[in-house]
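Peer 1: A predicted structure for the sequence below; I have some questions about it.
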Amino acid sequence: MNESSSNTSGNGFFGSREHYLAFRKAWKASCKERKQTALLFAIYALMRGKSLDTVFTPVTNPTKLANGQKPDGAKQEAIRALKSLDRAMTFNNTTWQTVRESLLAPFGGVEMERSFKAALWAALK
């Protein structure tokens, strides 16, 4: 999606075009640092209304599969992490308070928390 199109990607997680553009700008800046994880890519996809199936392609290399990697290992790891975050946010416990700033930093900081929670809860329904 280019930045001049709809601010919400049709999902309603962002309140304004400026909010969406701030999200995209922060994500692009964090990508330059190359510190993304499967969890961060999953969050990015969910906040843009994308399916995790389109973000994580299955491993097909026979050597990797023979050495124990699962075809959908990264996606399953991200789903487990998302479910763990859901539990932490549901109970507003110390785990969520501890990780929220560092987790949301690549997406524009804690001001993106409401959008993040809406996207996560929609995905985990």
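Peer 2: Perfect, I can see it now. Numbering: from 1, shown residues only.

Peer 1: which of the residues in the lengthiest helix in the chain are buried?
Peer 2: Taking DSSP state H as the criterion, the chain has its longest helix at helix 73-90. Buried positions in helix 73-90, judged by neighbour count with 16 or more other C-beta atoms under 10 Å: 74-75, 77-79, 81-82, 85-86, 88-89. To be clear about C-beta, it is placed using only N, CA and C from the backbone, and glycine gets the same treatment.

Peer 1: quick one: the helices in the protein?
Peer 2: Under DSSP H, the chain gives helices at 17-32, 38-47, 52-55, 62-66, 73-90, 94-104, 113-123.

Peer 1: what residues does the longest helix of the chain touch?
Peer 2: 38-39, 41-43, 46, 52-53, 55-56, 59, 70, 95-96, 99, 103, 117, 120-121, 123-124 (C-beta atoms under 8 Å, 6 or more residues apart in numbering).

Peer 1: list only buried entries from the residues you listed.
Peer 2: Buried subset of those (neighbour count, 16+ other C-beta under 10 Å): 38-39, 41-43, 46, 52, 55-56, 96, 103, 117, 120, 123.

Peer 1: point out where this structure drops to low pLDDT.
Peer 2: 1-12, 90-99, 110, 124-125 (pLDDT under 70).

Peer 1: tell me who's in contact with the spatially most central residue of it.
Peer 2: A centroid search over the chain (C-alpha atoms, centre = their mean) returns Ile43, at 0.7 Å, as the residue closest to the centre. Going by C-beta under 8 Å, 6+ apart, Ile43 touches 82, 103, 107, 116, 119-120.

Peer 1: just those now: which is nearest Tyr20?
Peer 2: Phe107 (10.9 Å; C-beta to C-beta).

Peer 1: state the distance from that closest one to Arg34.
Peer 2: The gap separating Phe107 from Arg34 is 16 Å, by C-beta to C-beta, to the nearest Å.

Peer 1: the two: which is more packed in?
Peer 2: Neighbour totals were compared for Phe107 and Arg34, and Phe107 leads with 22 against 6 (other C-beta atoms under 10 Å).

Peer 1: isn't that one up against Phe116?
Peer 2: Yes: using C-beta atoms under 8 Å, Phe107 makes contact with Phe116 at a distance of 6.7 Å.
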